[in-house]
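Novice: okay, here's the prediction I keep looking at, along with the sequence it came from:
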Amino acid sequence: MPIQSVNDFVVRFANVNGSGSASANELFARAVLRMGIPVAPRNIFPSNIQGLPTWYEVRISEAGHLGARGGTDLMVAMNPQTWDQDVAGIEPGGYLFYDSTKPLPKSKFRNDITVIGMPLTAISNREYTDPRQRQLFKNIIYVGALAALLDMDIGEMEKLIAEQFRGKEKLFDANKHALHLGRDWVMMNLDHPLGLRLKRANAVGDRIFIEGNSAAALGAVYGGATVCAWYPITPSSSLADAFTGHCKRLRVDPTTKRNKFAIIQAEDELASIGIVIGAAWNGARAFTATSGPGISLMQEFVGLAYFAEIPAVIFDVQRAGPSTGMPTRTQQTDIISAAYASHGDTKHVLLFPEDPAEAFEFAAAAFDLADRLQTPIFVMLDLDIGMNHRLSRPLTWDDSRKFDRGKIMTAAMLNAGEEFGRYLDVDGDGIPYRTLPGTHPTQGSFFTRGTSRDRYARYTEEGAAYADNMQRLLRKFETAKDLVPRPLQANATKATKYGVIYFGSTSPAMDEAIELLEAAGHALDRLRVRAFPFHSSVTSFIGEHDFVFVVEQNRDSQLRSLIVNECSIDPVRLVPILHYDGTPVTARFISRAIADHLDALKVTPLRKGKVVS
Amino acid sequence: MTYVVKPKFHHPELPKNELGYTHRDYEGSVSTLCAGCGHDSISASIIEACFELSIAPHRVAKLSGIGCSSKTPTYFLGNSHGFNSVHGRMPSVLTGANLANRDLIYLGVSGDGDSASIGFGQFAHAIRRGVNMVYIVENNGVYGLTKGQFSATADRGSKSKRGVVNNDNSIDLIGIALQLGASFVARSFSGDKTQLTPLIKAAIEHEGAAFIDVISPCVAFNNHAGSTKSFDYVREHNEAVNRLDFITGRAPIKVDYAPGSVETVEQHDGTTVTLRKLDSDYDVHDRLAAMSFLQQHAAKGQIVTGLLYVAAEAEDLHGHLNTVAAPLNGLDEKELCPGSAALDKINAALR
C-alpha cells in the first residue's frame, strides 16, 4: 500500500557532487517553506569537489520536527552510482522517482514501492544543446516535475527564482521555462499527485531559514568582534566566510569606506589562535573558527591563554574524528579535547548552542564571557547545525545592551591610586584586573607569560605562589558556572524516576523522541545542558532521578565523562545513548534506544520472595 | 642574579630626552643572561634607540617567543607591556596585537631557534603580510637554554663546542626576509653598537615589516674556534656595506664624511635615513641586487652587515586590510554593533 501523507514525509535527492543539483534542491526546500510548511534540509556530501555521490534530504513536517527522521519516503534517484543503496533505503510503500531515459532491468526495482520514471535526460537533451545547460536544467526540470507530483504551488517556485535572478531576466526566463517543462510533462504523462502531498499551511510563522555558521558569524559581528584569524577547514570555513560577508555589509565606515574589522586567513591553526590571543591581549575582541584537527593544533596556545588569562573565542564546528575522520560528517566529538585542552591542569568554558538562533546568541555572549572571565571560550557547533539551513526563531538584539569588557584597569583608575596586581584577586571571584598595553606611561605595565608568576606578574618558581595562582584559577572557574547559559529543564507530565540529558544539535531529535516515548507510555524529564562548567542544577537533576540517559553524538560518551568527573556522579546512574556514525542523530534512534533500556528496567520479579537464579 | 633588585635612584644630572625621560626610564630588570652575552648588548641598543627617539616607553609593546633571546624583553623598557608567548609563535601574537591597536610600536624579539626552526613558518608569514613591526632576531646559531645544540642558522661545516660538525645547510633569515618582501632588512653584530643602534632607530621609524638579523655570539656555547658565530669570527668576516645615521624631524647628526660617500634616503612617511656608504656599488633600494650581493659574499665566508634593503614604497598590513584609522580595540558598541533595526532587515531577507 503506497504511503499516504500530507505535509509529513522525507524526500531524498541522490545526486553527483558538482552537478549543480544543490541550488535546484534548495529551491525545492524553500518552495515548501513558502507554502507555510516547516522543512529541515540536510546536505550529506563527500569530502570531494566533483564526481562523488551527494545527497540532499528534505524532511517535511507540518508538526515542526526539524531533526533528522531517518528513512526515505520519496527518493529522487539521480545518481546511477548509488542506485542500489538508494532504492534499498526507501520505506516500504514509498516512492522512487528516476530518470528513465535509459531502460533499467526489472531486477533493479522493488515490488513494494511506487516507481515513477521520467525521461529527464531525453527531455533536457531535446531542449538544450549546450552540455552544461543540459545538466543544470535537468535539475530544474525534476523540481518542476515534483511540483506536479506533490501538488505544490509552482507560483512559489517562480517567485523564488525571480528573487534569485533579480535583474537577470534571461536567467529567470530560462529557469522558469525548465520548471514548466518538468511540470507539464508530468501533467500529461503521469498519474498525479502522489500519495505524498503538500498542502498550504501556516506552520512556519516568522521563523527564518539560516545556516548555523552564518548565524554564529552574525553573532560575532553583534558581539563586537573586530579581529578574525582562521585557517580553512570543513565544516567551519563557511563561518569565517560568512563573517567576511556580514562585515562587508555591516562594518564598513560609510564615510571613509574603511573597515572596522581585520580578517586574516592565517598559515595554519597555530597562527590563527596566536593572532586571536595577541589581539585579545591588546584589547580587541577576536575569534577563530575551526574544527577538531584545528583544536588539536591549538592546544599549546589554549593553555597559554588559560594560564596567562587572555580572552579568546574559538568556534569549533565539530566533525567526525579522530584524525581526519569523516570531514563532511557530523559528530559532537571534541567535548573532552576542548574542555581540557592543553597540557597541565586546564579547564575551559564551552557553550553548546542547539540551533542557529542560539548560535547567534551564544556567539555574541562568548565575547562578553571571554572578556569577563579573561579566558578562552569555545562555542561548540557541529556540521549539522553549522552547514545546514535550519528553520529558526528570528534573531533578536536588545539595543540597550552594552559590551561587558570585564575588569580592565584604566589610566584614570591607576592615577586614582588603585592597587594593580595583574593576578590579584581583589573581588574574591578569582578574576583579576588587567591593563591594556599603552595604558599609562609609568604604571600598570606587566609582563605576560606562560611561566609561573606571583600576584604581581613577577616570574617565580616558588611552589606556594604557583599553587595560590592555580587555586585562584579554580575559583574563577567556579564563578563561570553562574555566568554561562544555564541548563533548561522540561519535566514530563507525570512524575518519573528517569531523566535525560542532551545538548547541542541533538535538540530537535530529542524533542521529537520525547513525543514518541510519551506516546509509548514512557515518561522522562529532560535537561538540556547549554554550557560547561556545569551549573549546580545538573547535579541536582541527576540527584532527583534514579537513572539519567545522556544522549550524545560520539563513541566515548564524552559529556557523560565530563559530568562524572566534574560533578562526582556515580557512573552507573548515567546511561549513555550514543550515536556516532556521522549522520545526525534521529528521534527514531533515541526513542528506540531509550525505550529498550526502560523496558529492560521494567522487568518485575516473577513472585515476591522467589529467588531468581 | 634574578634576586638582585635594580636600584631606582640615579645620577641627578643624567641627560633627559624630549619627553623628559632619562636613559634609566627605558631600562628593565637586571639581566639573568650569562655575563658577556651578546643579547645584553642588543638590549642596550634597544634602550638607547628608544631613548634617543624620545619614544614614550608605554607606547611600545614588546613580544617574544621562548629562548634566551626571548627572555630579553624583561631587561629593557620596564614600562612597556611585554608578552613572552610560546616557542616560535611570537609573530602571530604580534600580528594580532598589531591588528588590535595600530598606534603602538611593536617590537618582536626572537632567536634563531625561535624563528628559523620551530617558528620558521610564522616568521615567514608575518614578514610576507607586511606587519608594521621591528622584528629582531638575536642570532647565535645555537640553542643556549638547552645547552648547546645547533640551530638552523648554524653554518654548514661549523663546529659545536663538543666538536660535532654541522652537516646541514644553514638558513639565512636575511635572504628569506628579502625574498618574502620585508620592506626594511638589515644585519648587524651585537658587538657593534654604533652600527646597531641607528639601525634599530631606523627600523622603528619604518612603517612596514622591518627585519634585523643581529649576529649575537653565545659566550657559553658558541664562541670557540670553529664556530662561525663567535666574536672573533664575526669581527674578522664582517663586511659592512654602509654606516647609518638617523634623522627624524630633528637636526641631522653632524658627521664628517668624505664628499660623495653620503646618501640620504627619504622614506615614504617623511623620515629620512642618512647612510654612509662603505661599498660604493651597493644600492639599498635594489632588492634583487641585494639578494645576489649577499649570496656572493656568503660564498666567500663574509658576513654582510648594514642596512641591506629599504623599500621606497612600503605599505603595511593595515593598509592591505583597509582598516579604519582608529585602533580597533577602541571601537565601542556604537561603532561595532549594527543594532536591532539592521537585524530585523536581515531576518526579513531570510524568510
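Specialist: Great, that's in hand.
Novice: dump stretch A:196-204 to PDB, restricted to CA.
Specialist: Coordinates of each C-alpha in stretch A:196-204 appear next as PDB, following Å, rounded to 0.1, in the frame of the first residue of the first chain:
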ATOM      1  CA  LEU A 196       2.500  12.200  -0.700                       C
ATOM      2  CA  ARG A 197       1.200  15.700  -1.000                       C
ATOM      3  CA  LEU A 198       1.800  19.300   0.100                       C
ATOM      4  CA  LYS A 199      -1.000  21.400   1.300                       C
ATOM      5  CA  ARG A 200      -0.500  25.100   2.100                       C
ATOM      6  CA  ALA A 201      -0.300  25.500   5.800                       C
ATOM      7  CA  ASN A 202       0.500  28.200   8.300                       C
ATOM      8  CA  ALA A 203       3.100  26.500  10.400                       C
ATOM      9  CA  VAL A 204       6.300  28.500   9.600                       C
END
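Novice: which residue, other than its chain neighbours, is closest to residue B:153?
Specialist: Nearest-residue entry for residue B:153: residue B:112, 4.1 Å, with adjacent residues in sequence omitted and distances by Cβ to Cβ, 6 or more residues apart in numbering or on different chains. Every C-beta, even on glycine, is put in place using the N, C-alpha and C of the backbone.
Novice: for residue A:493, that is, sorry about that
Specialist: Nearest to residue A:493 is residue A:523, by Cβ to Cβ, 6+ apart, at 7.1 Å.
Novice: for the chain, what's the longest helix?
Specialist: Let's take chain A. Taking DSSP state H as the criterion, chain A has its longest helix at helix A:169-189.
Novice: oops, I was thinking of chain B
Specialist: Assigned via DSSP H, chain B shows its longest helix as helix B:38-52.
Novice: from the chain's centroid, how far away is the following helix or strand past that one?
Specialist: Per DSSP states H and E, the first helix or strand lying C-terminal to helix B:38-52 is strand B:60-64. Centroid displacement of strand B:60-64 relative to its chain, using Cα atoms, centre = their mean, to the nearest Å, is 11 Å.
Novice: counting contacts, what elements does the helix or strand following strand B:60-64 pack onto?
Specialist: Helices and strands here follow DSSP H and E; after strand B:60-64, the next one along the chain is helix B:68-71. Of the remaining helices and strands, those touching helix B:68-71 by 3 or more Cβ pairs under 8 Å, 6 or more residues apart in numbering or on different chains; DSSP states H and E are strand B:105-111, strand B:133-139.
Novice: what are the pairing partners of the first one, and which direction each?
Specialist: What that stands for is strand B:105-111. Take DSSP bridges as the rule and strand B:105-111 pairs in its sheet with strand B:60-64 (parallel), strand B:133-139 (parallel).
Novice: turn those strands into CSV, columns for mean neighbour count.
Specialist: Below are the strands paired with strand B:105-111 laid out as CSV (neighbours: other Cβ atoms under 10 Å in any protein chain shown):
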stretch, mean neighbour count
strand B:60-64, 28
strand B:133-139, 29
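Novice: what would those strands look like in a markdown table with mean pLDDT?
Specialist: Putting those into a markdown table (pLDDT from 0 to 100) gives the following:
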| stretch | mean pLDDT |
| --- | --- |
| strand B:60-64 | 98 |
| strand B:133-139 | 97 |
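Novice: can you list those in a markdown table and add distance to residue B:347?
Specialist: Shown next, in a markdown table, are the strands paired with strand B:105-111 (distance: least, Cβ to Cβ, whole Å):
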| stretch | distance to residue B:347 |
| --- | --- |
| strand B:60-64 | 41 |
| strand B:133-139 | 42 |
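Novice: how about the CA coordinates for the longest helix of chain B, as CSV?
Specialist: C-alpha atoms of helix B:38-52 as CSV (Å, rounded to 0.1, in the frame of the first residue of the first chain):
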residue,chain,number,x,y,z
GLY,B,38,75.7,39.4,23.0
HIS,B,39,72.0,39.7,23.7
ASP,B,40,72.6,42.1,26.5
SER,B,41,74.3,44.4,24.1
ILE,B,42,71.3,44.3,21.8
SER,B,43,69.1,45.2,24.8
ALA,B,44,71.3,48.1,25.4
SER,B,45,71.0,49.2,21.8
ILE,B,46,67.2,49.0,22.0
ILE,B,47,67.2,51.1,25.2
GLU,B,48,69.5,53.7,23.5
ALA,B,49,67.4,53.8,20.3
CYS,B,50,64.1,54.3,22.2
PHE,B,51,65.7,57.0,24.5
GLU,B,52,67.2,58.8,21.6
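Novice: quick check: angle from that helix to strand B:105-111?
Specialist: Helix B:38-52 runs at 170 degrees relative to strand B:105-111, counting by axes from the mean of the first three to the mean of the last three Cα atoms, to 10 degrees.
Novice: separation between residue A:260 and residue A:293?
Specialist: As judged by Cβ to Cβ, to the nearest Å, residue A:260 and residue A:293 stand 31 Å apart.
Novice: mind checking how far residue B:16 is from chain A?
Specialist: 14 Å (Cβ to the nearest Cβ, to the nearest Å).
Novice: which residue is the nearest non-sequential neighbour of that residue?
Specialist: Excluding the flanking residues, the one nearest residue B:16 by Cβ to Cβ, 6+ apart is residue B:22, at 5.5 Å.
Novice: mind listing what the one you found touches?
Specialist: Applying Cβ atoms under 8 Å, 6 or more residues apart in numbering or on different chains to residue B:22 gives the contacts B:10, B:14, B:15, B:16, B:51.
Novice: what are the phi and psi angles of it?
Specialist: Main-chain dihedrals, residue B:22, degrees, to the nearest 10: phi -100, psi 170.
Novice: check residue A:349 too.
Specialist: The phi/psi pair for residue A:349 (degrees, to the nearest 10) is phi -80, psi 130.
Novice: same deal with residue A:444?
Specialist: Its backbone dihedrals place residue A:444 at phi 80, psi 0, with angles given as degrees, to the nearest 10.
Novice: that one touches residue A:421, doesn't it?
Specialist: No: the pair residue A:444 / residue A:421 is not scored as a contact, 10.4 Å apart, by Cβ atoms under 8 Å.
Novice: compare these two and say which is more crowded by neighbours.
Specialist: Per other Cβ atoms under 10 Å in any protein chain shown, whichever of residue A:444 and residue A:421 has more neighbours is residue A:444, with 25 against 16.
Novice: ok, and the closest non-adjacent residue to that one?
Specialist: Once flanking residues are discounted, residue A:444 sits nearest to residue A:435: 3.9 Å by Cβ to Cβ, 6+ apart.
Novice: wouldn't the one you found be in contact with residue B:58 here?
Specialist: No: applying Cβ under 8 Å as the test, residue A:435 and residue B:58 come out as separate, 9.7 Å apart.
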